[in-house]
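S.K.: sequence and predicted model, in that order:
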Amino acid sequence: MEGKHQWRVLEFYSGVGGMRYSLTKAGVDAQVVEAFDINDVANDVYEHNFGHRPYQGNIQSLTAADLDRYEAQAWLLSPPCQPYTRQGLQKQSGDARAFSFLRILELIPHLSQPPIFLFVENVVGFETSDTHAKMIETLKSSGFATQEFILSPLQFAVPYSRPRYFCLAKRNPSSFWSPYFNDKLIWCPSPLFVHDGEPVTDECLRPQENWDKLLESCVPVEHFLEFKSSAGPKMADYGFENANNHISRESNDPSKGHDERNGFSSTGLDLYHVPLSLIERWGSAMDIVYPDSRRCCCFTKSYYRYVKGTGSLLATVQPEMKGKGFPLKEQCLRYFTPREVANFHSFPEHFVFPDHVNLKQRYALLGNSLSVAVVAPLLHYLFTGPS
C-alpha cells in the first residue's frame, strides 16, 4: 500500500456498510473516521454491524472546513443512482437527489487538505450524464488522474449480473500501476492485477458485448443459498423443508416472522413463497433460476414488493425441462432470502440485520448496496501504486 501507513477514510452514502466491508476485504489498512447517510434504518444496520452510527445530517450543509477537520486521505462515495437509471426520469444533475454529490464536488477545490484517493460507484448510465462531466472536470482541475470501470460480479466468478460504473481517482503525485488507462473507460478487471512494467492491451477498452460468455467461470447459484438439500435433482428441496432452522438465522426470532403482503404472522420460508396469484398474473415477466444456474439477475430495492425487473426467483423443484415450458406453479417458486441476497453481494457471514428491520426494508437496503467481490479489488488497486 502507498505510504505503508493507516489511511483515514470518509465513507459517503454509507448504506449498510458495503463499502466498508470492501475496504476490509481489500486488505487496506484504513480507519473510517466518519460515515454519512441520511437513511435512519440504514444507519441502524450500519451501527449494529460496526458499532458506529453514521452522521445523519444533510451532506449539502457541509463546508470545506468541516471536511478538512477529518484530515481524511480517501473519500469513498456511492451517491444516489435514481437520477441516472434507465427506468427513472433521467433528470441527472437536475434531480434533487443529485444535489448532495454535486455539493461535495463543489467543495473539493476549496479544501486545504483534499483527499489523495477518491472512489465513486454508480449505475451504468452515470458515465454519460452531466453529473459525470462535472465530476471529471472538477477532478482534473484539482490535480487528479482518473481511471473508470464498468464491471459486474460475473467477471469475478459470482453468478450475479449487476454491472456498475466506478471511478477511481488519485491526486498527483500519486499514480496508478497502469497509467496507460488514465482517462479511459475500462470494461474488464485485468488492469487491477497488472503490476508495474507488465504489458497492457486495448482489449479492456472494448465494451463487454456478451456478459453470458462469463457464466462458465461462475460458481452455481446453490453455493449462495442458506442451506442445501441432499435430495435428488428432480425434487431437490431448496426452500420449504427445515424452514424453522432457516428463519431463526434470518430474523433471529422465528415467532416474529410477518408476511406484510397479507398482513398476518407467518413462520419459516412461507414468507418467501411466491403466491399462485402472482405466478398467474406475472409469470411471463419472471426471471426463474435454478440451484445449478450460473446467473442471477440484479436485485433492486423493490424486490419482494414487485416481480417484474426486480430480481430473480428460485425454483425449488427442478423439473426435467427448465424454464417456462414447464408449469411455473409446479416449480415451487420462492424469493431469495435477504441473507442470500447479501451472499450474492459477497457480504461476510457475520453481517446481520437488527431484529426491528422488517423484510421489505432488508431487501430495499440490500438493493441499494454494492458488490464486495467487485469493489474490494478496485479499492486494493486504488490504494496501491508505484512507490
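M.R.: Looks like it came in fine. Quick caveat: nothing in here was measured; it's all calculated off a predicted structure.
S.K.: give me the below-cutoff pLDDT ranges for the stretch 201-350 of the chain.
M.R.: Across the stretch 201-350 of the chain, residues meeting the criterion (pLDDT under 70) sit at 227-268.
S.K.: which residues in the stretch 51-200 of the chain form helices?
M.R.: 64-68, 99-107, 130-141 (DSSP state H, counting those that start in this stretch).
S.K.: ranking the ones you listed by burial, who's on top?
M.R.: helix 99-107 (a mean of 18; mean count of other C-beta atoms under 10 Å). (Each C-beta comes from the backbone N, C-alpha and C, glycine too.)
S.K.: Q155 against C188, yeah?
M.R.: Yes: assessed by C-beta atoms under 8 Å, Q155 is found in contact with C188 at 6.7 Å.
S.K.: who's more crowded, the two?
M.R.: Q155 (20 against 17; other C-beta atoms under 10 Å).
S.K.: count of residues packed around the spatially closest residue to P291 that is not a sequence neighbour?
M.R.: Distance criterion C-beta to C-beta, 6 or more residues apart in numbering; nearest residue to P291, sequence neighbours excluded, is E222 at 3.8 Å. Number of residues near E222 (other C-beta under 10 Å) recorded here: 17.
S.K.: is it true that E222 lies in a helix?
M.R.: Yes: assessed with DSSP: H, G, I helix; E, B strand; the rest coil, E222 lies in a helix.
S.K.: rebuild the helices of the stretch 51-200 of the chain as CSV, extending it with distance to R339 and mean pLDDT.
M.R.: Putting these into CSV (distance: least, C-beta to C-beta, whole Å; pLDDT from 0 to 100) gives the following:
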stretch, distance to R339, mean pLDDT
helix 64-68, 36, 97
helix 99-107, 31, 95
helix 130-141, 34, 96
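S.K.: how about those in a markdown table, adding distance to E11?
M.R.: As requested, the helices of the stretch 51-200 of the chain are exported to a markdown table (distance: least, C-beta to C-beta, whole Å):
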| stretch | distance to E11 |
| --- | --- |
| helix 64-68 | 13 |
| helix 99-107 | 12 |
| helix 130-141 | 18 |
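S.K.: V357: which of those is closest?
M.R.: Of all the helices of the stretch 51-200 of the chain, helix 99-107 sits nearest to V357, with 23.8 Å by C-beta to C-beta.
S.K.: so what does the closest one touch, helix or strand wise?
M.R.: strand 74-77, helix 130-141 (3 or more C-beta pairs under 8 Å, 6 or more residues apart in numbering; DSSP states H and E).
S.K.: okay, those in a markdown table with distance to Q113 next?
M.R.: Shown next, in a markdown table, are those (distance: least, C-beta to C-beta, whole Å):
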| stretch | distance to Q113 |
| --- | --- |
| strand 74-77 | 12 |
| helix 130-141 | 16 |
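S.K.: of all those, which one is nearest P109?
M.R.: helix 130-141 (6.9 Å).
S.K.: who touches the closest one?
M.R.: For helix 130-141, contacts defined as C-beta atoms under 8 Å, 6 or more residues apart in numbering pick out 83-84, 92-93, 98, 101-102, 105-106, 108-109, 118, 120, 126, 146, 167, 169.
S.K.: got a PyMOL select line for the buried ones in those residues?
M.R.: Buried residues among the contacts of helix 130-141 (16 or more other C-beta atoms under 10 Å), as a PyMOL selection:
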select buried, resi 83+84+92+93+98+101+102+105+108+118+120+126+146+167+169
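S.K.: among the contacts of helix 130-141, which ones are in strands?
M.R.: When the contacts of helix 130-141 are checked against strands (DSSP state E), the matches are L118, V120, T146, C167, A169.
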